[in-house]
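# just a sequence and a predicted model for now, questions to come.
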Amino acid sequence: MPFSCSPRNTPSFPVLDPLHSGCPVLLPLPSSVPHFLRSSEQKVAHPIQQASTVSDRLESSSSKMNQELILVLFLGSMIEDDEALRRTRANFDETIQSEKLCLDQEHFPGKAVQQDYHMPDVITVRVQTGKYSDSFQDVVVKIERPAYHKPFLGGFKNRITGVEFHNAGSQTIPKKQPDKGIQLFCRGTQTVFEKNKLQQTKNTTSTQMTKIGLYVSNMTDKLISPGKYLTAEEYHKRRLEAVIVLQTYFRRWHAINVVQNLREGKRLRLAWEAQEELRRKKEKEEKVRKEHKRRLNPKTKDDFELLYHALELWRQEETERINRTLTGAERKAAFCGLLEQEAQLIASIGRHKLSADEENQQKAILQFLHKCAQPKRWKAYDGKVTEMDTQYTLRARELFEIYRSISMNDIPKDERIDVLLTLRRTVKEHECKLTQEILELIDREADLMSREVKECNLEGLRKRICTLFLQYIKTPKFNPEVAKILKVPPDPLKLYKNVNFCHSCGNHLPSTEFPVPANSRTIGRCRLCCKLDNEARRREGFLKYKLILENLIKSETDYQDDAKIVFLVQHQDLQYMIENIWGCQSALSACSDLYDLVMVRWDKQHEWSPWNTILLTKDEAVAHLKLCNLQKAYEAAFIHRIKHKHIRAKNYFAQIPAMTSFLHRSDNQASANEFLIATPIPTGTKT
């Protein structure tokens, strides 16, 4: 059916193009052209502008055949490709007829023009109901068409295949962002990216030669001759030589820097080693000086133990010298002289011991009284320490101040009388035989002081007053706080479960007076008997092992991981481990100076135990504790050797695991009892 449309610029005419079976087709020339096929009576109309040519119509035609094979006829005559519609002289909205003939009917037969198909919104589809059944069912299918028309935002086209690729923005619907109630801006509105690029404009140059009517001077001209031709081999050779020169200078510069760094590292290393050597030398000198001072002025048990150990070393050296140099009667005489010298040295040590015991006894008394006078302390949940004075601690502090005053020497006479009066008022509160004796001694001293008796004659009386007053302080009836500190409690029933018998001295002593090694099964001699036996026979020095044990306890306490085993080990156990298992030397450097050796954890993730320890120097211990993976840091042979020592220690200290389990049960019971402590609750008075 013919149709027409309104043009924008030029009028159009309807032209009828018949398509017959011999491949004649309708060519639209003026405005509206109906196409039809004679065999099927098909007609198609297209609007054509009057200025369009035949070639334009052939290009826009829907027929997919070569244009060279199409012949256009109008009123029986052929029309050229460059001829326009105006040649037909058709009026506006007039339909004219043209024909297309295909010159190759064998390969391109004439076909009807394919019309565009528009799918409806609802279609009916016939579907087979079963896989093996012959029944069918009609299903209504609704086709949804997107209401959003994707905009064309550009793209590119493959020149080889002709496929067009569109940008992703034109393929997908933009995601709708949720409304946050805040006005947001993209980065493009906040920042500006600028780029500066230099552009060099073209500079047109030209040359001008001398010609008729123009003279160009050649005074400044230069004669240029071609140089020597450089082959590719020579060129690459020059480049290689230049590269070698550059590499030579760079390697020289790099080698100089490496040597300077090595020299600086060596200098720093030597300075550090010298500083460490000086530090160790000073520490050794300080240690020797302190040891010499302790030998000259012994004060503590360790000092006298050190003296007896030095005496034993001297005796062994003299015995070896006598056996090596003398024989017969001279040898016996030398031994007699050595025995007399040893007896004199022992007597001298005994005299020093008596004076030290007297001084230490006075210090122990003051320390004992100070401990009684201390207030009650406990730690709150926030870590703060709270102190509280009770009537018993105040009473103990008052007695401590009085005792310290009456035990002072070289004080004025008036102050001494005031102290005696204070003591008299304090003691007079209780009437007993002890207080009456103290009062009599106070009156006697006051009477002698009024008679101007010399103080040197009053020393015995004053010592007796101090002794009786100390006995008064140690009486729980007069000083209730002291009952918690006395080794022998007033109630004998409390001693039955805590007293052991020493088979050496025959005394009944509390359990704290007996050293109990970790592998012992019975209680042996008391500490005093062990000390006397060591002074008389072996004269060993345990100071080095005690220092190692103190350092070990301190390091384990710093971990704060509730270590238990280290507090069960005595210095005798540590001595056995160092001498018999570790060989009195460091596991890494074989250093045998016990003053420089410490015991640390082998695996720092687990608590210390005889089967989780290693003997190292102080510097080696610091480096060892910094290791994270022992398997990578040490060789397999070294680790195997350490594990073997751990197995030996675990077999020797086989009772420690059972003891630690008992300690853990005790701690669990103690932690459970903490919940039974009453805490004060702040209350207010309602008005």
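It's in.
# secondary structure element for residue 289?
Using DSSP states H and E, residue 289 sits in helix 232-296.
# distance of residue 435 from residue 267?
78 Å (C-beta to C-beta, to the nearest Å). Yep, even glycine has a C-beta here, placed from its N, CA and C like the rest.
# who's more crowded, the two?
It is residue 435, of residue 435 and residue 267, that has more neighbours when counted by other C-beta atoms under 10 Å, with 20 against 10.
# quick one: contacts for the more buried one?
Counting by C-beta atoms under 8 Å, 6 or more residues apart in numbering, residue 435 makes contact with 427-428, 472.
# in a strand, it, correct?
No. According to DSSP: H, G, I helix; E, B strand; the rest coil, the state of residue 435 is helix, so it is not within a strand.
# domains in the protein, as residue ranges please.
Per automatic domain parsing, the domain ranges recorded for the chain read 12-102, 262-296, 301-370, 385-486, 499-538, 543-671.
# need the winner for burial among these.
domain 12-102 (a mean of 19; mean count of other C-beta atoms under 10 Å).
# pretty sure residue 335 contacts residue 318?
No. At 9.1 Å, residue 335 does not count as touching residue 318 under the criterion of C-beta atoms under 8 Å.
# closest to residue 382 among the contacts of residue 435?
residue 472 (41.3 Å; C-beta to C-beta).
# relative to helix 232-296, how tilted is the helix or strand encompassing residue 623?
Counting by DSSP H and E, the element that carries residue 623 is helix 618-625. Relative orientation of helix 618-625 versus helix 232-296 (axes from the mean of the first three to the mean of the last three C-alpha atoms, to 10 degrees): 120 degrees.
# could you give the average pLDDT over whichever helix or strand comes after helix 618-625?
With elements assigned by DSSP H and E, the helix or strand that comes after helix 618-625 is helix 630-633. On average, the pLDDT along helix 630-633 is 90.
# repeat for stretch 429-441
When pLDDT is averaged over stretch 429-441, the result is 90.
# make 559 the starting number, not 1.
All set: I'll call the first residue 559, so the last point we hit is now stretch 987-999.
# keeping just the C-alphas, turn that stretch into CSV.
Extracted in CSV, the C-alpha atoms of stretch 987-999 (Å, rounded to 0.1, in the frame of the first residue of the first chain):
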residue,chain,number,x,y,z
GLU,A,987,50.4,-1.0,133.5
HIS,A,988,50.9,-4.7,134.2
GLU,A,989,51.8,-6.2,137.5
CYS,A,990,53.9,-9.3,137.5
LYS,A,991,57.3,-10.5,138.5
LEU,A,992,58.9,-9.4,135.2
THR,A,993,57.5,-5.9,135.5
GLN,A,994,58.5,-5.6,139.1
GLU,A,995,62.1,-6.5,138.3
ILE,A,996,62.2,-3.9,135.5
LEU,A,997,60.8,-1.2,137.8
GLU,A,998,63.5,-2.0,140.4
LEU,A,999,66.3,-1.8,137.7
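# go ahead and confirm residue 928 touches residue 958.
Yes. The pair residue 928 / residue 958 is scored as a contact, 6.5 Å apart, by C-beta under 8 Å.
# where are the low-confidence patches of the stretch 1109-1245 of the chain?
The stretch 1109-1245 of the chain contains residues with pLDDT under 70 at 1221-1245.
# how does it look with 80?
1215-1245 (pLDDT under 80).
# so which residues of it form helices?
Shown for the stretch 1109-1245 of the chain, the helices assigned by DSSP state H, counting those that start in this stretch span residues 1129-1134, 1176-1183, 1188-1191, 1194-1210, 1214-1231.
# before we move on, the earlier item: and residue 935, which of the domains of the chain is closest to it?
Using C-beta to C-beta, the domains of the chain put domain 943-1044 closest to residue 935, at 5.3 Å.
# now do the closest one: distance to the chain's middle.
Mean C-alpha position of domain 943-1044 versus that of the full chain (C-alpha atoms, centre = their mean, to the nearest Å) differs by 61 Å.
# how about stretch 920-939?
Worked out by C-alpha atoms, centre = their mean, stretch 920-939 lies 42 Å from the chain centre.
# tell me the average confidence for it?
88.
# what's the end-to-end length of that stretch?
Start-to-end span of stretch 920-939 (C-alpha to C-alpha, to the nearest Å) is 39 Å.
# check contacts around residue 884.
Contacts of residue 884 by C-beta under 8 Å, 6+ apart are residue 892.
# my bad, residue 680
Taking C-beta under 8 Å, 6+ apart, one finds 698-701 in contact with residue 680.
# who's it bridged to?
Note on residue 680: beta-bridge partners by DSSP bridges are residue 700.
# that older thread, can you tell me which of the contacts of residue 993 is nearest residue 757?
Closest to residue 757, out of all of the contacts of residue 993 and judged by C-beta to C-beta, is residue 1030, at 110.8 Å.
# against residue 959, how distant is the closest one?
In terms of C-beta to C-beta, residue 1030 sits 14 Å off from residue 959.
# now do residue 901
From residue 901 to residue 959 the distance is 46 Å (C-beta to C-beta).
# please apply the same query to residue 905.
Computed as C-beta to C-beta, the residue 905 to residue 959 distance reads 40 Å.
# cool, and residue 803?
Residue 803 is 93 Å from residue 959, where distance means C-beta to C-beta.
# and residue 1207, by the same measure?
From residue 1207 to residue 959 the distance is 51 Å (C-beta to C-beta).
# again, but for residue 802
The value you get for residue 802 to residue 959, if C-beta to C-beta is used, is 94 Å.
# over to residue 1113?
When residue 1113 is compared with residue 959 (using C-beta to C-beta), they lie 39 Å apart.
# what of residue 926?
Noted for residue 926: a distance of 14 Å to residue 959, by C-beta to C-beta.
# just residue 1146 next, same as before
55 Å.
# ok, residue 864 next?
37 Å.
# residue 1178 too?
Taking C-beta to C-beta, one finds residue 1178 at 51 Å from residue 959.
# residue 1102 against residue 1150, yeah?
No. Look at residue 1102 against residue 1150 with C-beta under 8 Å: they stay out of range, at 11.2 Å.
# what angle do the helix or strand containing residue 906 and helix 790-854 make?
According to DSSP H and E, residue 906 maps onto helix 886-931. Here helix 886-931 points in a direction 90 degrees away from that of helix 790-854 (the same axes, to 10 degrees).
# helix or strand right after helix 886-931?
Taking DSSP H and E, what comes next after helix 886-931 is strand 934-937.
# ok, that next one: who's next to it in the sheet?
strand 943-946 (antiparallel).
# not counting the strand it pairs with itself, show me its contacts.
By C-beta under 8 Å, 6+ apart, strand 943-946 touches 933-938.
# same check on stretch 1092-1109?
The contact list for stretch 1092-1109 (C-beta under 8 Å, 6+ apart) reads 860, 862-864, 866-867, 869-870, 1127-1130, 1132-1133, 1136, 1152-1153, 1155-1157.
# over to stretch 975-986?
For stretch 975-986, contacts defined as C-beta under 8 Å, 6+ apart pick out 956-957, 960, 963-964, 969, 993, 996-997, 1000, 1003-1004, 1007, 1023, 1027, 1030.
# can you list which of those are found in helices?
956-957, 960, 963-964, 993, 996-997, 1000, 1003-1004, 1007, 1023, 1027, 1030 (DSSP state H).
# one step back: what about the helix holding residue 1181, distance to the chain center?
For helix 1176-1183, the distance to the chain centre is 20 Å (C-alpha atoms, centre = their mean).
# how about the CA coordinates for that helix, as PDB?
In PDB, the C-alpha atoms belonging to helix 1176-1183 read as follows (Å, rounded to 0.1, in the frame of the first residue of the first chain):
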ATOM      1  CA  LYS A1176      74.600 -12.900  81.200                       C
ATOM      2  CA  ASP A1177      75.200 -11.600  77.700                       C
ATOM      3  CA  GLU A1178      74.300 -14.900  76.100                       C
ATOM      4  CA  ALA A1179      71.100 -15.100  78.300                       C
ATOM      5  CA  VAL A1180      69.900 -11.700  77.000                       C
ATOM      6  CA  ALA A1181      70.500 -12.800  73.400                       C
ATOM      7  CA  HIS A1182      68.800 -16.200  74.000                       C
ATOM      8  CA  LEU A1183      65.700 -14.700  75.500                       C
END
